[in-house]
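Enquirer: no sequence for this one, just the structure:
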C-alpha cells in the first residue's frame, strides 16, 4: 500500500516538474530517483517496526508450540520412535498453530491421548 502511495506521489511530482520547471528547482529532488529514495527513507522505520512485530508474533507462536511439546515430552518419548521424534522436532517450527494441532491430534488418535 505504501509503495503505491509512493509511486503515485512520484508521478504527481514528476507531472509538476514537467508543467512548472521553476517549482522543481525549489525542491531538493531534481529527479525521480532522488524523490523515491527520500520517500523510501522516510518510511523505513515504519517497515522495520512492522517486521519486528511480525517476528515477535512468529517467535511467540513457536514458543507456545514448544511449551506444548514440553508438556507432552514423556508421552512423545514413550510412544514415538526416535525417527518420528526427530521429524516432529525439525518440523514443528515450520507448522502453523492449526497444522501443529492437527498433527498432534492425529498422533493422539493413533497412540492414545496423554492424561
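Expert: The structure has been received and is ready for your questions. Keep in mind that this is a model prediction, so the values were computed, not measured.

Enquirer: how about residue 94, secondary structure?
Expert: Under DSSP: H, G, I helix; E, B strand; the rest coil, residue 94 falls in the coil class.

Enquirer: how is the chain carved up into domains?
Expert: In the domain annotation for the chain, the residue ranges read 1-54, 72-115 (automatic domain parsing).

Enquirer: mean pLDDT lowest for which of those domains?
Expert: When the domains of the chain are compared on mean pLDDT, domain 1-54 scores lowest, with a mean of 51.

Enquirer: hang on, residue 80 packs against residue 88?
Expert: Yes: applying Cβ atoms under 8 Å, one finds residue 80 in contact with residue 88, separated by 6.9 Å. In this view, the C-beta of every residue, glycine as well, is placed from N, C-alpha and C.

Enquirer: run a quick neighbour tally on residue 104.
Expert: Here the number of neighbours of residue 104 (other Cβ atoms under 10 Å) works out to 19.

Enquirer: with residue 70 instead?
Expert: The burial count for residue 70: 10, using other Cβ under 10 Å.

Enquirer: what does the pLDDT read for it?
Expert: Looking at residue 70 specifically, the model assigns a pLDDT of 71.

Enquirer: next helix or strand past whichever strand or helix holds it?
Expert: Secondary structure here is read from DSSP states H and E; on that basis residue 70 sits in helix 32-71. Per DSSP H and E, helix 32-71 leads on to helix 73-79 as the next helix or strand towards the C-terminus.

Enquirer: the helix or strand just after that next one - contacts with which helices or strands?
Expert: Under the assignment DSSP H and E, the closest C-terminal helix or strand after helix 73-79 is helix 82-91. Using 3 or more Cβ pairs under 8 Å, 6 or more residues apart in numbering; DSSP states H and E as the contact definition, the elements that helix 82-91 packs against are helix 73-79.

Enquirer: and with 7 Å instead?
Expert: Based on contacts counted as 3 or more Cβ pairs under 7 Å, 6 or more residues apart in numbering; DSSP states H and E, there is no element that helix 82-91 packs against.
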